[in-house]
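K.L.:
Fold the following for me, if possible:
(chains A and B)
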Amino acid sequence: MEGAMQTESKIRVDSGTEHGPRGPGCSLRHFACEQNLLSRPDGSASFLQGDTSVLAGVYGPAEVKVSKEIFNKATLEVILRPKTGLPGVAEKSRERLIRNTCEAVVLGALHPRTSITVVLQVVSDAGSLLACCLNAACMALVDAGVPMRALFCGVTCALHSDGTLMLDPTAKQEKEARAVLTFALDSVERKLLMSTTKGLYSDAELQQCLAAAQTASTHVFRFYRESLQRRYSKS
Amino acid sequence: MAAGFKTVEPLEYYRRFLKENCRPDGRELGEFRTTTVNVGSIGTADGSSLVKLGNTTVICGIKAEFGAPPTDAPDKGYVVPNVDLSPLCSWRFRSGPPGEEAQVASQFIADVIENSQIINKEDLCISSGKLAWVLYCDLICLNHDGNILDACTFALLAALKNVQLPEVTINEETALAEVNLKKKSYLNIRTHPVATSFAVFDDTLLIVDPTEEEEHLATGTLTVVMDEEGRLCCLHKPGGSGLTGSKLQDCMSRAVTRHREVKQLMDEVFKSMKPK
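P.N.:
I've put the predicted structure just below:
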């Protein structure tokens, strides 16, 4: 019986405290991931980015309602529950983003007429929430053994009014920023799977943020690999 | 014979056209459908517009009502968008609470209004902390033939330009608002955000302005909202196949040309309107 495996990683280019000021460049907050912590879902993962924490559970491939079944692939469903209050229109919009990202990587054709449900619960929100949700969803899908063509990760970029770029912003930095861009990148070719943005920015700034996000994603994928290696080498 | 092939293998049927760099309705890959716009047709609304993108028809009606400003921003008014996808527009929707697509579209329009700062919310305030205008923007889709986001953004922009708010003064003695319906003024529209939607096919080809069947066959969609200075208000890519940076660049340049086309059309329409 595998117990919960916990791996932590400090991914910082410059040294400093977690809550200290960060310089521009590729510096992400402290990461932590715990897999297989819930017994009922087929796969589960908890992903921590700084103080932001999201718990994900995956059920599937399981039975699907006849009204929702697709004849040649699996039906993916994502449920996002906020920390407080009832889910609203913003959650529905985020669910659609996460679902479409997962649909692009999950090999649904291997499990036709089944359903794969990803349930995400926000435990704490301290900035970069959507990126943390994406990372937790990916780790949970891996834990559940759902066949995927690539892994994906979420990276958030904040642009300040003077043009400086900041990766993985905290809630305070997001509020002060002129624009906040969240990207989902795949692990094979670092292509852009999903993007959602807030605020005004120019085309050149977009390319800059995308390039920075692609570099940051290599750290995240390396962390995924290390965390899974550690888990499977011990058991 | 072609109709039979289209029913059995819709994707293959479509690929035959894409190989020749065109689409079943005769358009090129980068061509938009005929766009028509009609402004001010709803007499009971404070501002209205009707936009047709090929067969996709969206009507926008804006009503202005009084409301108390939010406590954390006492000198700002509200703009409340709502996209309604009723069973009238497509067989895919049922009556009842808004489905997922309607909610996503409403959130998208709310984000566009917020990000592009199309109107200054301070302009909507009448009396700080006490009274402000609330603009209820209802976007109703009459016919859904794909590319609903572009049509809704355009309809909203045209309707906002058409909104006329009456002058309101606060009577000091009674502390009541007095509305002067004879004196109306247009809203100050600061930017003109225009949305351009693309559909991704087979992970490589990008086509502009997808129809409903193209949206179903596509492996991903992308919507770019740009204002007149080339700044991006929104890059909405809800999953789907991956795109490289260079493909994004091509989309940006198409979005710039589309913005020019739409701006030209809007200027023509507003110039031709007779003053009330």
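K.L.:
going forward, measure contacts and count neighbours with C-alpha atoms only.
P.N.:
Noted.
K.L.:
residues touching the closest residue to B:E31 other than its chain neighbours, list them.
P.N.:
For B:E31, ignoring the flanking residues on the chain, the nearest one in space by Cα to Cα, 6 or more residues apart in numbering or on different chains is B:V208 at 6.4 Å. Contact analysis of B:V208 by Cα atoms under 8 Å, 6 or more residues apart in numbering or on different chains lists B:29-32, B:196-199.
K.L.:
TSV for the residues you listed, including secondary structure?
P.N.:
Below are the contacts of B:V208 laid out as TSV (DSSP: H, G, I helix; E, B strand; the rest coil):
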residue	secondary structure
B:L29	coil
B:G30	coil
B:E31	coil
B:F32	coil
B:T196	strand
B:S197	strand
B:F198	strand
B:A199	strand
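K.L.:
So, low pLDDT: which residues of the chain?
P.N.:
Since you didn't name a chain, this refers to chain A. A:1-26, A:235 (pLDDT under 70).
K.L.:
wrong chain, I was asking about chain B
P.N.:
B:274-276.
K.L.:
Strands of chain A, residue ranges please.
P.N.:
A:5-9, A:31-35, A:43-49, A:52-62, A:75-81, A:115-124, A:152-159, A:165-167, A:179-186, A:192-199, A:201-202 (DSSP state E).
K.L.:
now the stretch 101-250 of chain B
P.N.:
B:125-127, B:131-143, B:164-170, B:177-186, B:194-201, B:205-208, B:220-226, B:231-236 (DSSP state E, counting those that start in this stretch).
K.L.:
Show me which residues of the fifth one are buried.
P.N.:
Within strand B:194-201, the residues that qualify as buried by neighbour count (16 or more other Cα atoms under 10 Å in any protein chain shown) are B:194-201.
K.L.:
just these now: which is nearest B:A159?
P.N.:
Lowest distance from B:A159 to the buried residues of strand B:194-201 (Cα to Cα) belongs to B:V194, with 13.5 Å.
K.L.:
thought the closest one was touching B:R260?
P.N.:
No - using Cα atoms under 8 Å as the test, B:V194 is too far from B:R260 to be in contact (9.2 Å).
K.L.:
Specify the stretch among the strands of chain A that is closest to B:V224.
P.N.:
B:V224 lies closest to strand A:192-199 among the strands of chain A, at 10.3 Å (Cα to Cα).
K.L.:
Mind giving me the packing neighbours of that closest one?
P.N.:
Judged by 3 or more Cα pairs under 8 Å, 6 or more residues apart in numbering or on different chains; DSSP states H and E, strand A:192-199 is in contact with helix A:89-105, strand A:179-186, helix B:100-116, strand B:231-236.
K.L.:
what about 7 Å?
P.N.:
Strand A:192-199 sits against strand A:179-186, helix B:100-116, strand B:231-236, with contacts defined as 3 or more Cα pairs under 7 Å, 6 or more residues apart in numbering or on different chains; DSSP states H and E.
K.L.:
Not counting that strand itself, show me its contacts.
P.N.:
Outside strand A:192-199, the residues that touch it by Cα atoms under 7 Å, 6 or more residues apart in numbering or on different chains are A:101, A:178-186, B:115-116, B:233-244.
K.L.:
and if we set it to 6 Å?
P.N.:
Strand A:192-199 has contacts (Cα atoms under 6 Å, 6 or more residues apart in numbering or on different chains) with A:178-185, B:115, B:233-239, B:241-243.
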